[in-house]
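Colleague: Okay, sequence plus prediction incoming.
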Amino acid sequence: MTTELPAEVHLAWGAASHRGARRLLNEDRFLVSRSVFFVADGMGGHEAGEVASTTAVEALRPLADLDVVTPDEVRDRIAVAQENVQAIVTEPGRGAGTTVTGVVVSEQDGNPYWLVVNVGDSRTYHLAGGQLEQVSVDHSEVQEMVDAGLLTPAEALTHPRRHVVTRALGSRNAPQVDFWYLPIERHDRVLVCSDGLTGELTDERIAEVLLSTPDPQAAAERLVHEAIAAGGRDNITVVVVDATGVSDDTSGGSTTPRDHAGAPGPAVDEDTLPRDVRLQIGGLT
């Protein structure tokens, strides 16, 4: 899909989602439309996780009607998502929650910017000048241990607490939402994904695929396929967004996002889990 925005920004994007090789349901959801690109990874058990991610995406959907999105508009919709996910009725002793990560097209002083948004351990990456950089910071126990020097990044990939997040929508207290501004430049590529991708493929391999697959839909599908081939232990969702032109440049491609089905395999518990919803910190900032 392609779009042209008022700030003379031209985007092309693709998206793919799969339940993975070992899961019966896909609890991931994504939202792609003009200037809004989000991935949500639900948690709290199969039905609760699916409902939570869907609820969050629907709360964010009104942003898709805007050409340029402000941080305040994102905060308002995140607050709605938090309230709606909290209201989900679940089995006693279980709560519903979801991560949310992605980018919206915003601006500063009339110039176009990516506004990166994140709660949880799904990720948003920025590819520019041949270099892939993780913009979002994982809100997870293992990331806290890595930051404290208790684990190496390699050890974090297999740590038994790797699926425990420290912030999520649906927690008892409204989670703090991280924001970053990045100027939009021609040939930028943004990757938004659930941890089903990053749990199977290294950043180095992800960068190789993004650099060698020009079409964003083909890149999204290839990353999902490789994650399944590498084990596919979790749901996998990938959104790839290209800035095909800025200012008067009108180059661009055309892609169509789609959701892929797959044959179910034996269920394996690779769910993302909230650490303790009572320990969630902060408010929207």
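Modeller: Nice, I can see it.
Colleague: Spell out the residue ranges of the strands in the stretch 101-250 of the chain.
Modeller: Using DSSP state E, counting those that start in this stretch, the strands of the stretch 101-250 of the chain run over residues 111-119, 123-128, 131-134, 164-165, 178-183, 189-193, 236-246.
Colleague: Indicate which one of the ones you listed is closest to Asp41.
Modeller: For Asp41, the closest of those is strand 236-246, at 7.4 Å, according to CB to CB. The way it works is simple: take the backbone N, C-alpha and C, and place the C-beta from them, glycine included.
Colleague: list the helices and strands the closest one packs on?
Modeller: strand 9-18, strand 28-33, strand 36-43, strand 189-193, helix 195-198, helix 216-229 (3 or more CB pairs under 8 Å, 6 or more residues apart in numbering; DSSP states H and E).
Colleague: Okay, Leu150 and Asp121: tell me how far apart.
Modeller: Using CB to CB, to the nearest Å, one gets 17 Å for the distance from Leu150 to Asp121.
Colleague: which stretch in the strands of the stretch 101-250 of the chain is the model least sure about?
Modeller: Between these, the lowest average pLDDT goes to strand 164-165, which shows a mean of 81.
Colleague: residues near Ala79, how many?
Modeller: Residue neighbour count, defined by other CB atoms under 10 Å, stands at 16 for Ala79.
Colleague: wouldn't it be in contact with Ala174 here?
Modeller: Yes: in this structure, Ala79 sits in contact with Ala174. The criterion is CB atoms under 8 Å, and the distance is 7.0 Å.
Colleague: closest one to Gly42 among the strands of the stretch 101-250 of the chain?
Modeller: Proximity of the strands of the stretch 101-250 of the chain to Gly42 was assessed by CB to CB; the nearest stretch is strand 236-246, lying at 10.8 Å.
Colleague: Now do the contacts for Ala230.
Modeller: Neighbour list for Ala230: 200-201 [criterion: CB atoms under 8 Å, 6 or more residues apart in numbering].
Colleague: Now do it, the pLDDT please.
Modeller: 97.
Colleague: again with Ser53
Modeller: Taken from the predicted model, the pLDDT recorded for Ser53 is 97.
Colleague: Check which helix or strand it maps to.
Modeller: Under the criterion DSSP states H and E, the helix or strand holding Ser53 is helix 46-60.
Colleague: Repeat that for Glu83.
Modeller: Assigned by DSSP H and E, Glu83 belongs to helix 71-86.
Colleague: Then Val68?
Modeller: Counting by DSSP H and E, no helix or strand carries Val68.
Colleague: For burial, what's the neighbour tally of the nearest residue to Val240 once chain neighbours are set aside?
Modeller: Residue nearest to Val240 in three dimensions, not counting chain neighbours: Pro216, with 4.0 Å by CB to CB, 6 or more residues apart in numbering. Other residues near Pro216 number 29, with proximity taken as other CB under 10 Å.
Colleague: thinking again about what came up before, looking at the strands of the stretch 101-250 of the chain, which is nearest to Arg23?
Modeller: Closest of those to Arg23 is strand 236-246, at 9.5 Å (criterion: CB to CB).
Colleague: Just the CA coordinates for the closest one, please, in CSV.
Modeller: This file holds the C-alpha atoms of strand 236-246, laid out as CSV (Å, rounded to 0.1, in the frame of the first residue of the first chain):
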residue,chain,number,x,y,z
ILE,A,236,4.9,-13.5,14.7
THR,A,237,3.7,-10.2,13.3
VAL,A,238,5.8,-7.9,11.1
VAL,A,239,5.0,-4.4,9.7
VAL,A,240,7.5,-2.8,7.3
VAL,A,241,7.2,0.9,6.4
ASP,A,242,9.2,2.7,3.8
ALA,A,243,9.6,6.4,3.3
THR,A,244,9.8,6.3,-0.5
GLY,A,245,9.8,10.0,-0.9
VAL,A,246,10.1,13.2,1.1
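Colleague: Sheet-wise, list the partners of that strand with their directions.
Modeller: Taking DSSP bridges as the criterion, strand 236-246 forms sheet pairs with strand 9-18 (antiparallel), strand 189-193 (antiparallel).
Colleague: Turn those into CSV, including mean neighbour count.
Modeller: Shown next, in CSV, are these (neighbours: other CB atoms under 10 Å):
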stretch, mean neighbour count
strand 9-18, 24
strand 189-193, 27
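Colleague: Reformat these as TSV; add distance to Asp178.
Modeller: Shown next, in TSV, are those (distance: least, CB to CB, whole Å):
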stretch	distance to Asp178
strand 9-18	22
strand 189-193	14
